[in-house]
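Visitor: Fold the following for me, if possible:
(2 chains)
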Amino acid sequence: MKYVHPGQAGSIVSVAPRYENFIGGKWLAPTHGKYRADLTPATAKPIAEVAESTPEDVELALDAAHAAKDAWGEATATARAAVLNAIADAIEANQEMLAVAESWENGKPVRETLGADIPLVVDHFRYFAAAARSEEGSCTEIDKDTVAYHFREPLGVVGQIIPFNFPLLMAAWKLAPALAAGNCVVLKPASPTPWSILKLMEVIEDVCPPGVINVVTGPGAEIGKALAANPRIAKIAFTGETVTGRLIMQYAAQNLIPSTTELGGKSPNIFFADVMDHDDEFLDKAIEGLVLYAFNKGEVCTAPSRALIHEDIYDEFMARCLVRIAAIIQGDPLDTETMIGPQVSKQQIDKISSYVDIGRAEGAEVLIGGNRSTMEGEFATGYFYQPTVLKGDNKMRVFQEEIFGPVLAVTTFKDDEEALAIANDTLYGLGAGVWTRDGNRAYKMGRKIKAGRVWTNCYHAYPAGAAFGGYKISGVGRENHAMMLDHYSQTKNLLVSYSTKPLGFF
Amino acid sequence: MSEPVIPARITATPAARRAITALHAARGGPVMFVQSGGCCAGSTPMCFPMGEFILGDVDVLLGDIDGSPFYIDKRLDEAWHQDVFLLDVAEGEPEDFSLAAGDNLHFVTLSPACATPESSDIS
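Guide: Got it, this is the predicted structure:
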């Protein structure tokens, strides 16, 4: 089916001409009254206007968050979990609307937002509601009259900067643990995708206490620093590129606060020869596992953007994958048949084109794609790129740098040792995939690959409860797991003596 | 004894030079560039007010464009093995914390081998 485009009569998504910041439970116009157009990449036409905020607006959001933090931080785990569950219920009740809004703003196909992004958002809030309820402190008997009690206490007000590739899911990954641990949040959406987060706030504004979540939209150079370097935040979380990642950690160091950063990857997806031992459902799954590089048009930090295929199966396996890639349906992101939509912005598609040119100049062979897609009608102005495969070797730049588009770099290996060497020959270490029918090999490879997540006989699954984060320069910290409560709290130790005897020193 | 002369590994298009001059004038001071990698806006150069980004031993100076230095992390530099970088501007807002190169423009780095004639014509 095809969803009516937001802004047209009959769409399930209502679109206001203009969206303000969400601060203290209210919609507040930006202090300087400036707005900018938010575009859909499907047509490069505006959806609505969003606030072009300035540092004053960040301060207003921090005021609201600080006003709310004591009550929220002292609320019982029961009460906080009830709010997280209410947020989840509200999102679930509006799942289809949010899926359409996010798809239209980001360009990702609605089959993905309906089937993955939004259901995962809902589950993520429920997971952290459960985590908050099941939290336990500890007490340690130091000696028979001395006890060390450990309580987890909220940090207070935290800053969160969200990427454009999963506007709602990445917001949920950061919001849910922060709220569960008792913090209030000031959140800055990515510049290309503020609107879907504002639609999310419309959905949850009645169930979220005022000031607990505050959203300020605008350019990173203006408000990103105003938030990240602000002495009134107690933690900063960021997903994005490496230089701003370093800047975030620099600001955190200057304020002596913690940070978590997730900074991308160039993830290897390794196919051992035994995947072709049988022509069965598993082989079919492995082929799809390679084609998953085109999931979310390749705009995924963990995109399996380097395929390493055993040389004995390369010809036959790749031939079958290319058939599958050729069958990818590209077009209207709001058509449930569409498998790949437009890249998020002109900046991104230009970068992708330039990388494919670099690959060609370095001698990579284009197995399929390699150009912008020519689209018809209203999508002719959209940012569509053909699913592309480049064959080459791992020293090429297209194997070393994150392209953030539907571009797969493929090479071969001769044995396990070489596969491992190629897999680890990267600056990054966020994700990896291992495909084999041999459990021992899968385990050994998984342990030796230097990456925070090794999908084994699967890829691109993001269930709450599976820790996610980077080795090497892919960032510091983890998300998506109850251990995040540690990242969003500080430990209070009460060291209590139940003895009446003096020490005797003085 | 004279200092060894190191050839600059960064050059800029006229459009990029104009943008740097305009930024300098608007901000009352020079800017600095740091080549990025990784997710989202990775692979684009980040432009900051001079001194905003604290440099480390890991950063290599590629050269200077009209008083604005350009750095790259040496690990990225080694992985990219690109001798010369060309700084240009392109349509669209910058991402993350980078300054814009003008109204609806951002800085980009090109591999001169892939630069097209029109890439330097954006003004």
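
Visitor: List the contacts of the residue of chain B found nearest chain A.
Guide: Ranking the residues of chain B by distance to chain A (Cβ to the nearest Cβ) places B:Cys39 first, at 2.8 Å. From N, CA and C alone the C-beta is placed, and that goes for glycine too. Contacts here follow Cβ atoms under 8 Å, 6 or more residues apart in numbering or on different chains; on that basis B:Cys39 touches A:Pro163, A:Asn165, A:Thr239, A:Gly240, A:Glu241, A:Glu262, A:Leu263, A:Gly264, A:Gly265, A:Cys301, A:Glu402, A:Phe404.

Visitor: again, 7 Å this time
Guide: A:Pro163, A:Thr239, A:Gly240, A:Glu241, A:Leu263, A:Gly264, A:Cys301, A:Glu402, A:Phe404 (Cβ atoms under 7 Å, 6 or more residues apart in numbering or on different chains).

Visitor: Please, where are all the helices along chain B?
Guide: With DSSP state H as the criterion, chain B has helices at B:14-27, B:74-80.

Visitor: Pull the number of nearby residues for the residue lying closest to the residue of chain B closest to chain A once chain neighbours are set aside.
Guide: Nearest non-adjacent residue to B:Cys39, counting by Cβ to Cβ, 6 or more residues apart in numbering or on different chains: A:Gly264, 2.8 Å away. The burial metric for A:Gly264, expressed as a neighbour count using other Cβ atoms under 10 Å in any protein chain shown, is 33.

Visitor: repeat for A:Ala37
Guide: Should you count by other Cβ under 10 Å, A:Ala37 turns out to have 11 residues around it.

Visitor: And the residue nearest in space to the middle of chain A, how far from A:Val121?
Guide: Central residue of chain A (Cα atoms, centre = their mean): A:Met170, 4.0 Å from the mean position. From A:Met170 across to A:Val121, the span is 10 Å (Cβ to Cβ, to the nearest Å).

Visitor: Pretty sure B:Thr13 sits against B:Asp88.
Guide: Yes: taking contact to mean Cβ atoms under 7 Å, the distance of 4.6 Å between B:Thr13 and B:Asp88 places them in contact.

Visitor: Tell me the most packed of the contacts of B:Cys39, by neighbour count.
Guide: The member of the contacts of B:Cys39 surrounded by the most neighbours (other Cβ under 10 Å) is A:Gly264, with 33 neighbours in all.

Visitor: picking up where we left off before, could you dump the helices of chain B to TSV with distance to chain A, mean neighbour count and mean pLDDT?
Guide: Written out in TSV, the entries for the helices of chain B read as follows (distance: least, Cβ to the nearest Cβ, whole Å; neighbours: other Cβ atoms under 10 Å in any protein chain shown; pLDDT from 0 to 100):
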stretch	distance to chain A	mean neighbour count	mean pLDDT
helix B:14-27	11	17	95
helix B:74-80	4	17	92
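
Visitor: nearest to A:Gln343, of those helices?
Guide: helix B:74-80 (22.0 Å; Cβ to Cβ).

Visitor: who are the neighbours of the closest one, in terms of helices and strands?
Guide: Using 3 or more Cβ pairs under 7 Å, 6 or more residues apart in numbering or on different chains; DSSP states H and E, the elements in contact with helix B:74-80 are helix A:397-400.

Visitor: Remind me what the helix it packs on packs against, helices and strands.
Guide: Contacts defined by 3+ Cβ pairs under 7 Å, 6+ apart place helix A:397-400 against helix A:346-361, helix B:74-80.

Visitor: Next, the buried residues of the longest one.
Guide: Neighbour-count burial for helix A:346-361, with 16 or more other Cβ atoms under 10 Å in any protein chain shown as criterion, is recorded at A:346-360.

Visitor: thinking again about what came up before, how about the contacts made by the residue nearest to B:Cys39?
Guide: With contact set as Cβ under 7 Å, 6+ apart, A:Gly264 has these partners: A:Glu241, A:Cys301, A:Glu402, A:Tyr428, A:Leu430, A:Ser474, B:Gly38, B:Cys39, B:Gly42.

Visitor: Can the helix or strand in which A:Leu60 is found be said to contact chain B?
Guide: Secondary-structure assignment from DSSP states H and E places A:Leu60 in helix A:55-74. No: judged by Cβ under 7 Å from any Cβ of the partner chain, helix A:55-74 and chain B are separated, with a smallest distance of 13.1 Å.

Visitor: In which helix or strand does the residue nearest to the centre of chain A reside?
Guide: Counting by DSSP H and E, the element that carries A:Met170 is helix A:167-180.

Visitor: next helix or strand past that helix?
Guide: Next along the chain after helix A:167-180, taking DSSP H and E as the criterion, comes strand A:184-188.

Visitor: got the angle between that next one and helix A:167-180?
Guide: For strand A:184-188 against helix A:167-180, the angle by axes from the mean of the first three to the mean of the last three Cα atoms, to 10 degrees is 160 degrees.

Visitor: Note down every partner strand of strand A:184-188 and its orientation.
Guide: strand A:157-161 (parallel), strand A:213-215 (parallel) (DSSP bridges).

Visitor: of all these, which lies closest to A:Ala61?
Guide: Nearest to A:Ala61 among the strands paired with strand A:184-188 is strand A:213-215 (3.9 Å), distances taken as Cβ to Cβ.

Visitor: Quick one: residues contacting A:Lys351.
Guide: A:Lys351 is in contact with B:Ser43, B:Thr44, counting by Cβ under 7 Å, 6+ apart.

Visitor: could you pull out the strands for chain B?
Guide: Applying DSSP state E to chain B gives strands spanning B:10-12, B:31-35, B:45-49, B:59-65, B:68-73, B:85-91, B:105-110.

Visitor: Local confidence estimate at the residue of chain B closest to chain A?
Guide: With respect to pLDDT, B:Cys39 has a value of 71.

Visitor: for B:Met1, same thing?
Guide: In this prediction, B:Met1 carries a pLDDT score of 48.

Visitor: helix/strand/coil for the closest residue to chain B within the stretch 151-300 of chain A?
Guide: With Cβ to the nearest Cβ as the measure, A:Gly264 is the residue of the stretch 151-300 of chain A nearest to chain B, at 2.8 Å. When classified by DSSP: H, G, I helix; E, B strand; the rest coil, A:Gly264 comes out as coil.

Visitor: Rebuild the strands paired with strand A:184-188 as TSV, extending it with mean pLDDT.
Guide: Rendered in TSV, the data for the strands paired with strand A:184-188 read as follows (pLDDT from 0 to 100):
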stretch	mean pLDDT
strand A:157-161	98
strand A:213-215	98
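
Visitor: avg pLDDT for stretch A:109-123?
Guide: Per-residue pLDDT values over stretch A:109-123 give a mean of 98.

Visitor: Centroid-nearest residue for chain B?
Guide: Residue closest to the mean C-alpha point of chain B, counted by Cα atoms, centre = their mean, is B:Phe33 at 4.5 Å.

Visitor: Can you name the residues of chain A sitting close to chain B?
Guide: With Cβ under 7 Å from any Cβ as the criterion, chain A comes near chain B at residues A:163-165, A:191, A:219-221, A:224-225, A:239-244, A:247, A:250, A:263-264, A:301, A:345-347, A:350-351, A:354, A:357-358, A:361, A:397, A:400-402, A:404, A:427.

Visitor: again, 6 Å this time
Guide: Of all the residues in chain A, those in contact range of chain B (Cβ under 6 Å from any Cβ of the partner chain) are A:163, A:191, A:220-221, A:224-225, A:240-244, A:247, A:250, A:263-264, A:301, A:345-347, A:350-351, A:354, A:357-358, A:361, A:397, A:400-402, A:427.

Visitor: Which residues does the helix or strand hosting A:Phe317 contact?
Guide: Assigning secondary structure by DSSP H and E places A:Phe317 in helix A:314-326. Under the criterion Cβ atoms under 6 Å, 6 or more residues apart in numbering or on different chains, residues A:Met276, A:Ile287, A:Leu290, A:Val291, A:Ile309, A:Ile368, A:Pro387, A:Thr412 lie in contact with helix A:314-326.
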